[in-house]
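Colleague: what's the 3D shape of this:
(chains A, B, C, D, E and F)
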4 protein chains.
Amino acid sequence: MQSRTPSPLPRTGRPRSAAADAAILEATRAALVDLGWSKLTMGDVATRAGVAKTTLYRRWAGKNELVVDAVAVLFDELELPDNGSLAADIGGVVLQFAALLNRPETKTALMAVVAESTRDEPLRERIRTSIVDRQKRLVLEGRARAHARGELPLEADPAAAARTADLIFDVVAGAVVHRTLVSAEPVDEEWVDRFTSLLLGGLASVQS
Amino acid sequence: MQSRTPSPLPRTGRPRSAAADAAILEATRAALVDLGWSKLTMGDVATRAGVAKTTLYRRWAGKNELVVDAVAVLFDELELPDNGSLAADIGGVVLQFAALLNRPETKTALMAVVAESTRDEPLRERIRTSIVDRQKRLVLEGRARAHARGELPLEADPAAAARTADLIFDVVAGAVVHRTLVSAEPVDEEWVDRFTSLLLGGLASVQS
Amino acid sequence: MQSRTPSPLPRTGRPRSAAADAAILEATRAALVDLGWSKLTMGDVATRAGVAKTTLYRRWAGKNELVVDAVAVLFDELELPDNGSLAADIGGVVLQFAALLNRPETKTALMAVVAESTRDEPLRERIRTSIVDRQKRLVLEGRARAHARGELPLEADPAAAARTADLIFDVVAGAVVHRTLVSAEPVDEEWVDRFTSLLLGGLASVQS
Amino acid sequence: MQSRTPSPLPRTGRPRSAAADAAILEATRAALVDLGWSKLTMGDVATRAGVAKTTLYRRWAGKNELVVDAVAVLFDELELPDNGSLAADIGGVVLQFAALLNRPETKTALMAVVAESTRDEPLRERIRTSIVDRQKRLVLEGRARAHARGELPLEADPAAAARTADLIFDVVAGAVVHRTLVSAEPVDEEWVDRFTSLLLGGLASVQS
DNA sequence: CATTAACCGAGACGGTACGTCGGGTCTTACT
DNA sequence: AGTAAGACCCGACGTACCGTCTCGGTTAATG
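Modeller: Model (predicted):
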């Protein structure tokens, strides 16, 4: 995202414009909203950003990388609310996540870059670093808070605990994405309640 | 594939070549394996199939529709094994599904068409009809078998039962897809066991 | 020029549009007039001709080849007038040639393609075939007519006669081009008279 | 080169590097040899000269001007040999000129800048001043020497004498350039003899 | 001998054109 | 009417140069 170029020491020549970076990412999000992933073009983004095409390509290798960076920042807005109980906390985060996936920028872009990443290992890595792994913090925070509240027992084996966290992450993210983008059904209070209760109920079985 | 053209009145003139249909779909799958979704071109598919581009466009509106049809048939191979218990049955189907998602044809194509479908309602409908809804049978069959075995209580309210089936479908499909394509971690026996136990444990909570 | 493609036997598929050929060459001449050689672009020519850029590239390898063909036809308009004497005939053809070189299409294009041809042997060959060699006919006709009128003796050695014809061609074409494009002075009646008298006077010396 | 910047008042600040000037012109000639006119780029010249692009543009307006200056100096090497007779002197200078036109730097550059100059009056003027007019001295010297030897009568009318000098210049330069660059035939002893005899024979007619 | 203004290298910048590729349509002759 | 072939229009691609613009850092005449 930022710090794409850790700038070893290219202290010579005209420095890159930070304003251009921001304008490009903003223009990319706007283009995603207006056109969707498949009709977004580099030329159009450049025009919207008031920037030359070469300036885009100097910073990003292509559409995929650009869109990942443009969208990644949105995912950092997610945060674990303190709703008083683990169930309520999970419900809150699921609703936030669903709302995010319903934004036109993310809806059209997320699956597309994941699809591309199946044939592009560096892209997968970039997605993981910029988007996916950053959200695991929510699972870890949630668990820590539940422990503090005494809602969940501590798992003795730390490796097993990590595997459980990963499982939960895949189940929560997967279910919400599938519900939103594949089934195209709303993630409403009712669904969240049912899902949360399934998850918490199952959690007990898994940890035993 | 399934009734693309329900042939309302194709009375006169030379009939369409059925061999061409099969060759095109096969060529499409081969191209997906070799090139992936984004580098697959209609011209290349036509060449591989030994067919003119016109022949493709006479049958399919574009790349999206063609790929959905080419891939859909693979999903029909999934079936619910009878492993003796609900847990074992679920585990079997999850492994089959994961294996399917690891085939290069599906891995690259599925997310891509879903991504396209976020801006293309008819395409979403086609995906739902050709791929998604067809697999819900597995959930329904599994539940029926569990009822027969006495492993699950019957839900009194049929509407609630339907919602539960949808929830399970989103959770299973979503979790496996996320694990496979986003996390890019293997769906192995160990993961399946943990996931199945989470699902079954949660199911009890949901139905109560 | 025409018959660029002697069409071995590509009798399959949609045939190339002859109208497009004509429109492109016409558009090229118009662009030369408006923009000159160095600012003429393939894209602009395509637009003027109401044709896609690919259609240009399907027929011509680039700007050089296209311009040679577009300009070549203009040179075929030159003809040897019958003004009653060799001197008057030469004067007539020199004036025609000078007028042709003063047309904006040719003025801007001719030197440019010749310059390119110094590094592009096929292009030089194309220029020679399409433009230069075609005009040698004027020298040969003029000489034949002079013989008929008894104004010039026959040269006994045919090889020497050919060398003389080449020399005359280089002198006439060279002098007119240099006067017009390098010195940028007018080729008027007075200059033509002086030049013709120099040429004819010298011719006697050469043939002896 | 010759007073590009007549330095009206460059009093203060760091003076321009004379070494850079020389390196740039040398690099330009080298690039002409390697790449030819149309593939020569300002950036490449700068790199070859070990100089920044800004340094080029501070001195020359563009490729045309730079190349004219780079090539002009070569033409100053021409000189009228004293071979004992007018015919021999002309032959000597023609051979020098032909040799010059066969150098790759000049061959590719001369026609190109002349072509550009048809749409760029200042450029034409620069070419005339830097290259063309400087060579007229050869004609004038040759004539003066011929007068001294008694090989040519004096022309009474100085205006007519000037017109004759221009005519000779166009004929000589034009013929040699056309022979070399358009016909692409060698300017060898035999051709020079024939051409010289044509020129001298014609000269008598013109002056009478 | 400090100031200072123009020089210089590097390289990013907004542009324009390039030549190619793919999409989807149309026009042939043939089946 | 379907088919193979291939030309057609269109729009986007990613690259190359153009000529300009910052940067930080010289360098020589002037004061």
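Colleague: ok now stretch A:46-66, how far from the chain's centre?
Modeller: 22 Å (C-alpha atoms, centre = their mean, to the nearest Å).
Colleague: tell me if that stretch is near chain D.
Modeller: No. Against chain D, stretch A:46-66 shows no contacts by C-beta under 8 Å from any C-beta of the partner chain, the least distance being 13.9 Å. All C-beta atoms are positioned from the backbone trio N, CA, C, and that covers glycine.
Colleague: tell me the mean pLDDT for that stretch?
Modeller: Mean pLDDT, computed over stretch A:46-66, is 98.
Colleague: so is it next to DNA strand F?
Modeller: Yes. Using C-beta under 7 Å from any atom of the strand, we find that stretch A:46-66 touches DNA strand F at A:Lys53, A:Thr54, A:Tyr57, A:Gly62, A:Lys63.
Colleague: sort out which of those residues are buried, if you could.
Modeller: A:Lys63 (16 or more other C-beta atoms under 10 Å in any protein chain shown).
Colleague: of the residues of stretch A:46-66 next to DNA strand F, which is the nearest to DNA strand E?
Modeller: Minimum distance to DNA strand E across those is 4.2 Å, recorded for A:Thr54 (C-beta to the nearest atom of the strand).
Colleague: for the closest one, helix, strand, or coil?
Modeller: helix (DSSP: H, G, I helix; E, B strand; the rest coil).
Colleague: follow-up on the earlier one: let me have the residues of stretch A:46-66 next to DNA strand F in JSON lines, adding distance to DNA strand E as columns.
Modeller: Converted to JSON lines, the residues of stretch A:46-66 next to DNA strand F look like this (distance: C-beta to the nearest atom of the strand, whole Å):
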{"residue": "A:Lys53", "distance to DNA strand E": "6"}
{"residue": "A:Thr54", "distance to DNA strand E": "4"}
{"residue": "A:Tyr57", "distance to DNA strand E": "9"}
{"residue": "A:Gly62", "distance to DNA strand E": "14"}
{"residue": "A:Lys63", "distance to DNA strand E": "15"}
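Colleague: spatially, which two of the residues of stretch A:46-66 next to DNA strand F are the most separated?
Modeller: A:Thr54 and A:Lys63 (15.3 Å; C-beta to C-beta).
Colleague: so the closest residue to chain D within chain A, which of the three states?
Modeller: Proximity to chain D, evaluated over chain A using C-beta to the nearest C-beta, is greatest for A:Gly13 at 9.9 Å. The three-state label for A:Gly13, taken from three-state DSSP, comes out as coil.
Colleague: what about it, neighbour count?
Modeller: Neighbourhood size, A:Gly13 [other C-beta atoms under 10 Å in any protein chain shown]: 7.
Colleague: give the contact list for A:Gly201.
Modeller: By C-beta atoms under 8 Å, 6 or more residues apart in numbering or on different chains, the contact list for A:Gly201 reads B:Gly201, B:Gly202, B:Leu203, B:Ala204, B:Ser205, B:Val206.
Colleague: could I get the buried residue list for the one helix or strand the second one maps to?
Modeller: In this case it means B:Gly202. In this assignment (DSSP states H and E), B:Gly202 forms part of helix B:189-207. Across helix B:189-207, burial judged by 16+ other C-beta under 10 Å covers B:191-192, B:194-207.
Colleague: domain assignment for chain A?
Modeller: Following automatic domain parsing, one gets these domains for chain A: A:18-59, A:72-207.
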